[in-house]
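J.: just the structure for this:
(3 chains)
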Amino acid sequence: MSRIGVFICHCGENISATVDVARVAKAASEIEGVVHSVDYKYMCSDPGQSLIKQAIKEKGLTGVVVGSCSPRMHEPTFRRACSEAGLNPFLCEMANLREHCSWVHEKNEATTEKAIDLIRMMVEKVKLNQPLREIKVPVTKTALVIGGGIAGIQTSLDIANTGHQVILIEKEPSIGGHMSQLSETFPTLDCSQCILTPRMVEVAQHPNITLYTYAELESVSGFIGNFKAKIRKKAKSVDEKLCTGCGLCTTKCPNKKIPNEFNEGLGLRTAIYVPFPQAVPNKPVIDKKNCTYYQKGKCKVCEKFCPTKAIQYDQPDEILEVEVGAIILATGFTVKKVDFFPEYGYGKYPDVITGLQFERLASASGPTLGEIRRPSDGKIPEKIVFVACAGSRDPAKGIPYCSKICCMYTAKHAMLYQHKVHEGKSYVFYMDIRAAGKNYDEFVRRAIEEDHVNYIRGRVSRIYEKDGKYIVKGADTLLGGRPVEIEADMVVLATAGVSNEGAEELAQKLHVSYDPYKFFAEAHPKLKPIETNTAGIFLTGACQSPKDIPETVGMASGAAAKVAALFSKDEMTREPLIAVVNRQAPPLFSTCVGCFLCQTACPYQAIEREEIRDRSGKLIKTVAKVNPGLCQGCGTCVAFCRSKSIDIQGFSNEQMYSEVMALLND
Amino acid sequence: MMEIHTTDKPQGLGSALKQQTDVDLQKCYQCGKCSAGCPLSSEMDYAPNYIMRMIQTGDSELEEKALRSLTIWLCLSCEMCYSRCPQSIDIPKVMDFLREKSLQKKMTNPEAKKIIAFHKSFLKSIEKTGRLNELDLIIDYKTRVFDLLQDVSLAPTMLAKGKLPLLPEKIKDRKGISSIFLKTSKNNSK
Amino acid sequence: MVLGFYPGCSLKGSSREYTESVIAITRKFEIELKEIPDWNCCGATAAHNLNKELSLALPARILALAEKEGMKEILIPCAACYSRLATAQYELNKDPELKEKVIKIIGMPYSGDMVLLNVIQMLDKYITPNLEEKIIEPYLHKVACYYGCLLVRPYNILKFDREEDPQSMDILVKKLGAEPIDWAFKTECCGGGLSISRTSTVGRLSGEIIRDARDRKAEAIIVACPMCHTNLDMRRPEINNYLGAKVSIPVLYITEVLGLALGIDRKSLGLERHFVKVTN
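T.: This is a model prediction of the structure:
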């Protein structure tokens, strides 16, 4: 015998301004099975919730329908209220009279009729609701952090400091990421490596952090609290336990002409190399693609000279299997290279470089030891042009968004140049100045007012080379679009920040969504920038979208907090609104015939095979079984099942039909 | 007091532009890349991006300035601006539109007289015979601009090199051509 | 084989050598060029500057005539005519209402699926595959390939070569033994239709082109457009005036260069019609 209580919310005026709530409550009271029906101004408030609790106790309600806002807002609120009053929370449902009714229609008869229909549908459904219990899933309290830049470093340290284990993997031979390539950071002009390397060392020495460099994620399976990840430790060809980091091999290697990635292609390195002097770990790796031994079978000079016999040419890749409870993506971003720009020379001019390449020139550990010199002839440029918005905010080039950090780093670059080349003249072509952080605008004003950088508002149409100089054709839109032509010695393009190569592949491995630009997608752009739509996988740093260091560090700590929350309990609870394959008495055991179409259909790999055996162990039949930890309750399997053996708890076929019939039987 | 309507919807000339050419000037964010790359911008009275801005405002005084500019007649439709515009705005199409409007409203820049005269002479020659006769073109042009000495020195060389046919080539279906001219007549081309 | 041919007005008059060289080449490769019967002027710059509908109707008539003749493909050596015909075809295909309107104006059926070939496309399609063995005298010179505006822009209509630093002509002349230089004015406007009405501007714009070619030691400038040729060749006195120096770099059509490499005689190629002398 159903005893349903109906509670219609005014939601202030959000519902009552368009829907005649009193009438809806009256109509609800006339439905068979409804024993209590009221309307109230704010159901989600304390007194509102008390109304529900009281009614449950006084009238012995077997089900509750709250006609109010979207369940996304207050379902937990009302379910908790019911639970506190002793009613199973899954016997409480909400009819959305706001987002589905009052907010999308005009005030008239039809709108109120619709509200009444919505209530009636939900009442019929609730009559068929079963009490359900939340599912408990154990949690492995180890976090996997993918990416060892500042984002990965910060989040690893924060999680490790809560006492939990962290596995940090980085695909380059050293951690540090792009921040380790920077010379000085805005707005303080702090030396980037000086503030970063202490953290890098902390990561290496932290007892709770296991660091694997030159390693990538091979595959992952499982679900939140219970991931199984395979990590590929690429062969470094060096035994880390024996290597002391003396660096002798890197001085003896005869293959010295490989473009240096850390220096963004400016400058060279050897085949056995350490990416930069402050690398962590400070142990070399052999670049097999460019090593004479691996390509041609000759050389072996490094082995000859190594004092500890640490070189191991036959070292294989190693696959490590780990169990973790949470995964954090901190894979960062990259910048477009100069060859992306047809009108700036398709990359054929050596002195037209990216902002990141300029960082390497300005850096004391860079190819020119911190002097700004032209890559073509090593001369110091007397006139330098900085082009902001190179590729960004350019729908014609497929990058409509703003890369956020370029206005600031361009001002920084111009300032660094003026500090290093006192008599030099610098020009910045810009569209807008985006300096929204703390002390940011003051920083840009300093560049203009104290360091005498020339700012011209207009985009650069073309750059070409003539007699060793670069003709930059821009315009001054603040002077009506007057053309401005500069003969520069060097041009720095603030190229667009884009997602890393391999980001799409990684996202697909993890079943994480991404946007058209292959930046990983957050669960909600405003309120959930760190979670993804895949439970247990979090984002931090520039892999979500271009951002500066303070934002990255803040976000990294935020991700650590999310993980700490996840690890704070030994068990996780999940909503039980999942699919279940029916079980019957023997000899049927289940109407499931074992066709496993559901397994093929399931987007979350949540369906397993279960063998039903008799007491002697003989196999009777193999049926489908839903993994309660993975199932997201999407219902695809229910649609596929030909024998109607699988259904969603809380959203059964019966319940759905009853809602539809309630609507049709006026 | 000038009222500026910029980003709500196209006004005045801008809305006629959107209707007739489907170019939405509201997309122009005044980056200036068009003016930066335009080969003629150093000779123009208003840079291309400035012309776009004037039409964006929907202000009738500024629109008139745009129609009376030399810019729209100097523009050679070289398409450099269009190929580089980050918002893919078809500036040459806007220029064609402004040129037609400028003629319709009789607001052409006096300095553009020769350029417009040349175009008119060109079309007159085609209307007559279906194909351009360069001698006819030059003669008609000179009568419009009273510049009898223009390129006179070239004539003997051109003749000697066989590059100046004296007799016009007439197509057969001249009626078809004049019908086309009649049906599209806006009294501009005269 | 027979190929539809639209010469355009300048090829019949002031750029006669272009037609001569085109015909000489195609003849050598046994391609017969059939002029579209009773073709009219495409309207060039004048039509689209003054009257939009006229600028669409005139090319539409040409294409309709080609269709009537059963042609599927036409060669348009003049880059400006090529641009006008391609643009008209594109605009009309995009807007069915406009297409109907123009069909009524021209009074002829028109479907809009003609394949339009500019001179380089024609050469790449029909000539270069069989070129190597026929080269008699490689054109061993440093050349600046000048594409001008209308062969490569706008890309979304022409879909021919890349808009910045195009390479199709460079690749072609390399096959003829020439050394194409990398220079900065490949696609900068020469001054187009202002040749008569504002000659000083042509002097400046074409002057900058010649300056860059000269500074980078080009021995010849190769073009594929009669308007560009006229501005760079016939207007040389203005250019020299602007540069304050006499520059004698000749300007050749791509078909003339090809003809020389194939051993065709100078007269058939129309080389004597140039204003700036073409020495071998």
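
J.: C-alpha only now, for contacts and for neighbours.
T.: Noted.

J.: run a quick neighbour tally on the nearest residue to C:K134 once chain neighbours are set aside.
T.: Closest residue to C:K134 apart from its sequence neighbours, by CA to CA, 6 or more residues apart in numbering or on different chains: C:L262 at 6.2 Å. By other CA atoms under 10 Å in any protein chain shown, 21 other residues sit near C:L262.

J.: A:T477 and A:G458 touch, don't they?
T.: Yes: counting by CA atoms under 8 Å, A:T477 touches A:G458, with 5.5 Å between them.

J.: which parts of chain A sit against chain B?
T.: Listed as neighbours of chain B in chain A under the rule CA under 8 Å from any CA of the partner chain: A:393-397, A:431, A:457-462, A:473-477, A:480-484.

J.: could you break the chain into its assigned domains?
T.: Using chain A. According to automatic domain parsing, chain A is divided into the following domains: A:4-134, A:136-234+A:317-332+A:501-569, A:236-314, A:334-498, A:579-648.

J.: meant chain B actually
T.: Taken from automatic domain parsing, chain B resolves into B:12-108, B:111-183.

J.: lowest-confidence stretch among the ones you listed?
T.: Of all the domains of chain B, mean pLDDT reaches its minimum on domain B:111-183 (a mean of 85).

J.: distance between it and the chain's centre?
T.: Domain B:111-183 sits 18 Å away from the centroid of its parent chain (CA atoms, centre = their mean, to the nearest Å).

J.: residue ranges for the strands of the stretch 51-200 of chain C, please.
T.: Applying DSSP state E, counting those that start in this stretch to the stretch 51-200 of chain C gives strands spanning C:73-75, C:115-117, C:142-145, C:179-180.

J.: who touches A:N88 in this structure?
T.: Taking CA atoms under 8 Å, 6 or more residues apart in numbering or on different chains, we find A:N88 in contact with A:82, A:131-132.

J.: same thing but 6 Å
T.: By CA atoms under 6 Å, 6 or more residues apart in numbering or on different chains, the residues touching A:N88 are A:P131.

J.: per-residue pLDDT of it, please?
T.: You'll see A:N88 listed with a pLDDT of 96.

J.: next, residue 186: phi, psi?
T.: Because you didn't say which chain, this covers chain A. Taking degrees, to the nearest 10, you get phi -80, psi 160 for the backbone angles of A:F186.

J.: the intended chain is chain C.
T.: Note on C:K186: backbone dihedrals following degrees, to the nearest 10 are phi -60, psi -40.

J.: pull the number of nearby residues for it.
T.: C:K186: 22 neighbours (other CA under 10 Å).

J.: isn't it up against C:V143?
T.: No: if you go by CA atoms under 6 Å, C:K186 and C:V143 don't touch, sitting 11.5 Å apart.

J.: SS state for the residue of the stretch 501-650 of chain A found nearest chain C?
T.: Going by CA to the nearest CA, chain C is nearest to A:P516 of the stretch 501-650 of chain A, at 22.3 Å. Using DSSP: H, G, I helix; E, B strand; the rest coil, the secondary structure recorded for A:P516 is coil.

J.: check contacts around it.
T.: Per CA under 6 Å, 6+ apart, neighbours of A:P516: none.

J.: swap in the one 4 residues further on?
T.: Neighbour list for A:F520: A:514, A:544 [criterion: CA under 6 Å, 6+ apart].

J.: bridged to it, which residues?
T.: A:Y514 (DSSP bridges).

J.: kindly state the pLDDT recorded for it?
T.: A:F520 is assigned a predicted lDDT (pLDDT) of 97.

J.: tell me which of the strands of the stretch 51-200 of chain C sits most buried.
T.: Each of these was assessed for mean neighbour count using mean count of other CA atoms under 10 Å in any protein chain shown. The highest is strand C:142-145, with a mean of 28.

J.: just the CA trace of it, in PDB.
T.: Provided in PDB are the C-alpha atoms of strand C:142-145 (Å, rounded to 0.1, in the frame of the first residue of the first chain):
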ATOM      1  CA  LYS C 142      68.500  32.200 -61.800                       C
ATOM      2  CA  VAL C 143      64.900  33.200 -61.900                       C
ATOM      3  CA  ALA C 144      62.400  34.900 -59.600                       C
ATOM      4  CA  CYS C 145      59.000  33.200 -60.000                       C
END
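
J.: show me the contact partners of stretch B:19-31.
T.: The contact list for stretch B:19-31, computed with CA under 6 Å, 6+ apart, reads A:431, A:458-459, B:18.

J.: ok, A:T573 to chain B distance?
T.: According to CA to the nearest CA, to the nearest Å, A:T573 stands 49 Å off from chain B.

J.: wait, a strand at that residue?
T.: Yes: counting by three-state DSSP, A:T573 is located in a strand.

J.: near the nearest residue to it once chain neighbours are set aside, how many other residues are there?
T.: Of all residues not flanking A:T573 in the chain, A:K136 sits nearest, at 4.6 Å (CA to CA, 6+ apart). Neighbourhood size, A:K136 [other CA under 10 Å]: 15.

J.: spell out the secondary structure type for A:K136.
T.: Three-state call for A:K136 (three-state DSSP): strand.

J.: that one against A:D570, yeah?
T.: No: using CA under 6 Å, A:K136 is not in contact with A:D570, being 9.7 Å away.

J.: list the contacts of the residue in the stretch 301-450 of chain A positioned nearest to chain C.
T.: Residue of the stretch 301-450 of chain A nearest chain C, by CA to the nearest CA: A:P342 (5.5 Å). Neighbouring residues of A:P342 by CA under 6 Å, 6+ apart: C:E164.

J.: fine by me, thanks again.
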